[in-house]
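Student: Build me a model:
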Amino acid sequence: MKNFSLKRSILALFIFTAAMISINAQTSENSENPVSLKESIARNTNVDAPKSSTKQTAYVRPTAKKRLQRLGNDGFGLSALIGTTIGSGIDTLNNDPPEWEKNIGGFGKRFASNYGENAIQETTTYAVNEAFKLDDHLYKSQKTGVRARLKDALISGFTTRTASGKRIVNFPRIIGTYTGSIISTETWFPNRYSYKDGIRRGSQTLGFRIGFAFINEFIIPGK
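Tutor: The predicted structure follows:
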């Protein structure tokens, strides 16, 4: 039998994390896109701000509305549905976990489980990103060489951006991924599963994200 005290603690953590979303959504717009000193002087003196010599577009932090839209898509919308369907199909073919059986009913259980786990992961990641004003969206490389694009895709798979565009280790994604996988294995998975299985599943998900960064760079159309 599962440890219900542990379940309550984990679920309370998720509820607290989700509550951070509404708080940050109300305050983040006021701190978007700060104007640099050079731009401010240029505006006040009617002089054009100096242009960058590089052809690459400087990083601009997306608005709070755009970030919330991405959460909706990745956590609950089309991207979530597609990813969950593919993952649940693979799990059903592998009969993982075997207690849910290898049939249409088992697919339904796995779909509900994977969808819920993904929603928790994306919501938690979003909340931590908002709290620290970070952005871990997978952007396509602005470079043209295959080797350079491969390098950028690899880096984007495990990093997040600060408001200035600097890349750092993607700790919000790590927190969100393990939170979702541990909650799922401790809450609705068969009783023989524990937080250790959640850590294993979370590690697999983080590895898949790095692989998906390459798919996003070279296969998925768009910017």
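
Student: what's near enough to touch the spatially most central residue of the chain?
Tutor: In the chain, the residue lying closest to the centroid (C-alpha atoms, centre = their mean) is Glu122, at 5.1 Å. By C-beta atoms under 8 Å, 6 or more residues apart in numbering, the contact set of Glu122 is Leu71, Asp74, Gly75, Phe76, Ala80, Gly176, Gly180. (Each C-beta comes from the backbone N, C-alpha and C, glycine too.)

Student: now do Tyr59
Tutor: Tyr59 neighbours (C-beta under 8 Å, 6+ apart): Arg161, Ser164, Gly165.

Student: Among the residues you listed, which ones are in strands?
Tutor: Arg161 (DSSP state E).

Student: Show me just the buried residues among the contacts of Tyr59.
Tutor: Arg161 (16 or more other C-beta atoms under 10 Å).

Student: Relative to Glu117, which of the contacts of Tyr59 is nearest.
Tutor: Arg161 (25.2 Å; C-beta to C-beta).

Student: Surely that closest one and Leu138 touch.
Tutor: No: Arg161 is beyond contact range of Leu138, at 10.8 Å (criterion: C-beta atoms under 8 Å).

Student: where's Gly145 relative to Lys151, distance?
Tutor: To Lys151, Gly145 is 9 Å away according to C-beta to C-beta, to the nearest Å.

Student: quick one: which of the two has more around it?
Tutor: Between Gly145 and Lys151, Lys151 has the larger neighbour count (other C-beta atoms under 10 Å), namely 13 against 9.

Student: in which helix or strand would I find that one?
Tutor: helix 146-157 (DSSP states H and E).

Student: Which neighbouring elements make contact with that helix?
Tutor: helix 195-218 (3 or more C-beta pairs under 8 Å, 6 or more residues apart in numbering; DSSP states H and E).

Student: Give me the buried stretch members for stretch 138-150, please.
Tutor: Tyr139, Lys140, Ser141, Arg149, Leu150.

Student: okay if I get those as a markdown table plus pLDDT and distance to Gly87?
Tutor: Converted to a markdown table, the buried residues of stretch 138-150 look like this (pLDDT from 0 to 100; distance: C-beta to C-beta, whole Å):
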| residue | pLDDT | distance to Gly87 |
| --- | --- | --- |
| Tyr139 | 95 | 24 |
| Lys140 | 95 | 23 |
| Ser141 | 95 | 26 |
| Arg149 | 97 | 26 |
| Leu150 | 97 | 25 |
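
Student: which one of these is nearest Ser156?
Tutor: For those, the residue nearest Ser156 by C-beta to C-beta is Tyr139; the value is 6.5 Å.

Student: From Pro221, how far off is that closest one?
Tutor: Tyr139 is 14 Å from Pro221, by C-beta to C-beta.

Student: Look at the closest residue to Lys102 other than its chain neighbours and tell me its secondary structure.
Tutor: Excluding its sequence neighbours, the residue lying closest to Lys102 (C-beta to C-beta, 6 or more residues apart in numbering) is Asn95, at 4.4 Å. Applying DSSP: H, G, I helix; E, B strand; the rest coil to Asn95 yields a three-state assignment of coil.

Student: Good, wrapping up.
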